[in-house]
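J.: Got a sequence here, can you model it:
(one chain, ligands or ions: 1)
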Amino acid sequence: MNHAVDTAIRSLIKTMTNKTDEYYMQEALKEARKAFLKDEVPIGCVIVYNDKIIARAYNKRQKTSNVLGHAETIAIKKASKKLNSWILEGSTIYITLEPCLMCAGAILQARIKNVVFATFEPKFGALGSIINVFSNEYKFNHQIKVTSGICKDESSALLKSYFQTKRLKKIDKNI
Ligand SMILES: [Zn+2]
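T.: Model (predicted):
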C-alpha cells in the first residue's frame, strides 16, 4: 500500500478508537445513575489512566453516613489501590459535578493531571463557583488542567430530577 495512504488510515483508526471526554463522562453518568437508584445525590466519577478506566465510584454519603463518602474520594481510594500508589500522576478524573473543596484537595494531593467535570455546583463548587483553587492565584506545587461543561445538560437533568423526586416524596409524607 502507498505509504501516505497507510499513514492516513492508521491516523484515522487512532482517532476513531481514541475515547473522548464525552465517552468517559458518559461512564461517570452511569455511576451517577447508580447513586440515584440508591437514593443518594446522583454524582458519579471515573478515573482514567493510560486510556483505561481504573476506578469508578458514585456518591455514598447517605449509605456511609459520612461526609468523606463523595464519589471522588471513593474513586481516588480505588485508583490508588489499583496502581498501588497514592500518586495518580498522569491520570484524569471525570466527575458529573464540580468538586467540592475537600475533593479538590484530594485531587491535588493525588497529583491527578486533569479534571473534567460536567456541571457547576453553585453552593460548594471549588473549581470556579465559590472559589477556584486550581487557578494561578494559588501557588500550589502541582498544576491541574480543568475542563468543564462536558455532558452538562445530562448531569443537571439527572440532579434536577433527583431533587424533584425528593421534594415529591416529602410532600407525599406530609399528606
Ligand atoms: Zn466532594
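J.: give the contact list for Ala118.
T.: Under the criterion of C-beta atoms under 8 Å, 6 or more residues apart in numbering, the contact list for Ala118 reads 25, 28-29, 95-97, 148-152, 154-156. The C-beta positions use only the backbone N, C-alpha and C, and glycine is treated the same way.
J.: ok, which pair from these is furthest apart?
T.: With distances taken as C-beta to C-beta, the most widely separated pair in the contacts of Ala118 is Leu29 and Ser148, at 15.0 Å.
J.: out of those two, which sits in the busier spot?
T.: Residue environment comparison for Leu29 versus Ser148 gives the larger neighbour count to Leu29, 21 against 16, counting by other C-beta atoms under 10 Å.
J.: show me the contacts for that one.
T.: Contacts of Leu29 were listed using C-beta under 8 Å, 6+ apart, and they are Gly44, Thr96, Ala118, Cys151, Glu154, Ser155, Leu158.
J.: buried ones in the helix or strand encompassing it?
T.: Leu29 belongs to helix 21-37 when assigned by DSSP states H and E. For helix 21-37, burial by neighbour count (16 or more other C-beta atoms under 10 Å) applies to Asp21, Tyr24, Met25, Gln26, Glu27, Ala28, Leu29, Glu31, Ala32, Lys34, Ala35, Phe36.
J.: quick one: is it near the ion?
T.: No. Using C-beta under 5 Å from the ion as the criterion, no contacts between helix 21-37 and the ion are found, and the smallest distance is 13.0 Å.
J.: Off-centre distance for that helix?
T.: Relative to its parent chain, helix 21-37 has a centroid offset of 9 Å by C-alpha atoms, centre = their mean, to the nearest Å.
J.: State the next helix or strand along the chain beyond it.
T.: Beyond helix 21-37 on the C-terminal side, the first helix or strand identified by DSSP H and E is strand 44-49.
J.: what sits against the residue positioned nearest the centre of the chain?
T.: A centroid search over the chain (C-alpha atoms, centre = their mean) returns Ile95, at 1.3 Å, as the residue closest to the centre. If you count contacts by C-beta under 8 Å, 6+ apart, Ile95 has them with Ala28, Ile43, Gly44, Cys45, Ala71, Glu72, Cys103, Val115, Val116, Phe117, Ala118.
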